[in-house]
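1. what's the 3D shape of this:
(one chain, ligands or ions: 1)
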Amino acid sequence: MNRRTTVGIHDLSFASAEFVLTHATLAAHNGARLAKYHTGIGQQAMSVPAADEDVVTLAATAAQPVVQRHGTDRIRTVLFATESSIDQSKSAGVYVHSLLELPAATRVVELKQACYAATAGLQLALALVTRDPGQQVLVIGSDISRYPLDSPGEATQGAAAVALLVAADPALLRIEHPSGLYTADIMDFWRPNYLSTALVNGQESISAYLQALEGTWNDYTKHGGRPLGDFAAICYHQPFTTMAHKAHRHLLRHCGHQSEHPATTALTCTTAYNTQLGNSYTASMYLALAGLLDHADDLTGQPVGLMSYGSGSVAEFFAGTVVPGYRRHLRRTAHRTVVDRRQALTYARYRDLHETQLPTDGGDHPLPPQTTGPFRLAALTGHKRIYTPR
Ligand code: HMG
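-> Sure, this is the predicted structure:
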């Protein structure tokens, strides 16, 4: 058995928030041209969490169907990637471990590097499973993207969680070696611990992303990666969906390719969910993968590129091959329901939710029941978050 080609993503499930704000509603409030949102940044709507939702409830909701399908016996590790962390000490994954009733004999840890961290989780998981193919690793990326009201970033907000089950002999995508790597110490986007919304140099962050793409691609080819012409599709990190098109054009130019590359057509499938959910940071590139697998024509045996970017910045380009029979394991209907079930917000209701801060006084604060999802943040008491099944 070639260990490097038989480890990968065995299952993929995502969840999003209770509410949705359409860009039509946002544009009606701020006077922006709707075409700027729909065509310029490629966004139709953004998910907005209820007062009793956070990265833990989103993550548990994403992972529950995975655990229901595969059981918990082989899961020995949970890697929780987020940049919307709720605690400086305790991993958000430990709450998810409890809500999903995973075995005590599990290692659980939280990972952070902006939007990139779920890819770090995936790569660590591949190493663990390669060492012991009997184990499975649950990798979760869960984030809530928030910018100040009326700022340019506001239209790119969103919320979602993705759960990946990483296993030997995977049902969906075999992840290949090598990876292209790139790190640069820059301040394109960041959020100090005392702020609840991100700071960003918008245009600079776009250039930083493209530079990182070039760097990671160069490293990928230097280490013997596939030529660009091999790829049936490439899933890019999507802070807003036209960024995937910008990145793809940039990569084609960098490699001296024409725009009619097959992966250009597939881009539309990769944006199917992100255009409706908004930026979900660590989950974004994996929602692009879900969009591709759920919407593209049969990809059996085809190589797919994955370009993960996290501001600050770290990027990784790597590839996977789609496994024969993968379509039987997809969750198309459930994923469509995640998008369609959200309740539309008025602008005023959105603004209320955006401005609401959780109490920090350590008192007893039950939270209003709003979510219709399977888990909720029921209360804050003595500085502790109390989660319950709904
Ligand atoms: P802005 O200044 O409001 O928008 O902010 P703009 O004026 O640059 O317009 C956006 C696009 O819409 C432009 O297209 C316009 O031409 C077009 P482009 O020239 O770029 O191709 N446009 C129109 N199109 C059709 N009809 C119209 C119209 N008007 C304008 N009427 C910006 C845009 C992205 C800067 C802002 O939303 C922002 O600051 N976003 C947050 C930062 C961000 O997403 N950066 C992306 C790269 S960094 C990253 O990916 C990491 C991240 O996910 C965080 C992490 O890693 O943790 C963010």
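
2. Before we go further, residue 47 is sitting in a helix, right?
-> No. Checked against DSSP: H, G, I helix; E, B strand; the rest coil, residue 47 lies outside a helix; its state is strand.

3. and the closest residue to residue 77 other than its chain neighbours, how many neighbours does it have?
-> Closest residue in space to residue 77, ignoring its immediate chain neighbours: residue 137 at 4.5 Å, by Cβ to Cβ, 6 or more residues apart in numbering. Placement of C-beta: from N, CA and C, glycine included. Neighbours of residue 137 under the rule other Cβ atoms under 10 Å: 25.

4. what helices or strands is the helix or strand harbouring residue 137 leaning on?
-> Using DSSP states H and E, the element containing residue 137 is strand 136-145. Other elements packing on strand 136-145 under the criterion 3 or more Cβ pairs under 8 Å, 6 or more residues apart in numbering; DSSP states H and E are helix 55-70, strand 75-81, helix 92-99, helix 117-131, strand 158-168.

5. Tabulate these (a markdown table), appending mean neighbour count, mean pLDDT and distance to residue 383.
-> A markdown table is the format used below for the helices and strands packed on strand 136-145 (neighbours: other Cβ atoms under 10 Å; pLDDT from 0 to 100; distance: least, Cβ to Cβ, whole Å):
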| stretch | mean neighbour count | mean pLDDT | distance to residue 383 |
| --- | --- | --- | --- |
| helix 55-70 | 24 | 98 | 15 |
| strand 75-81 | 26 | 98 | 20 |
| helix 92-99 | 23 | 98 | 14 |
| helix 117-131 | 22 | 98 | 25 |
| strand 158-168 | 28 | 98 | 24 |
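
6. Which of the ones you listed sits closest to the ligand?
-> Taking Cβ to the nearest ligand atom, helix 117-131 is the member of the helices and strands packed on strand 136-145 nearest to the ligand, at 8.8 Å.

7. what does that closest one rub up against?
-> For helix 117-131, the surrounding residues in contact (Cβ atoms under 8 Å, 6 or more residues apart in numbering) are 3-4, 7-9, 76-77, 79-83, 111, 113, 135-137, 139-141, 162, 164, 166-168, 175, 179, 282-283, 285-286, 306, 308, 310, 314, 316, 318.

8. hmm, back to that, what about the residue nearest to residue 77, distance to residue 285?
-> Using Cβ to Cβ, to the nearest Å, residue 137 is found at 18 Å from residue 285.

9. and if you look at residue 237?
-> Distance from residue 237 to residue 285, counting by Cβ to Cβ: 5 Å.

10. same thing with residue 191?
-> Separation of residue 191 from residue 285 (Cβ to Cβ) stands at 19 Å.

11. Looking at the two, which is more packed in?
-> residue 285 (30 against 18).

12. got a list of what that one touches?
-> Each residue near residue 285 by Cβ under 8 Å, 6+ apart is listed here: 115, 118-119, 235-238, 306-308.

13. check those against the ligand, which are close?
-> 115, 237 (Cβ under 6 Å from any ligand atom).

14. Give me the subset of the contacts of residue 285 that lies in helices.
-> 118-119 (DSSP state H).

15. That'll do, ta.
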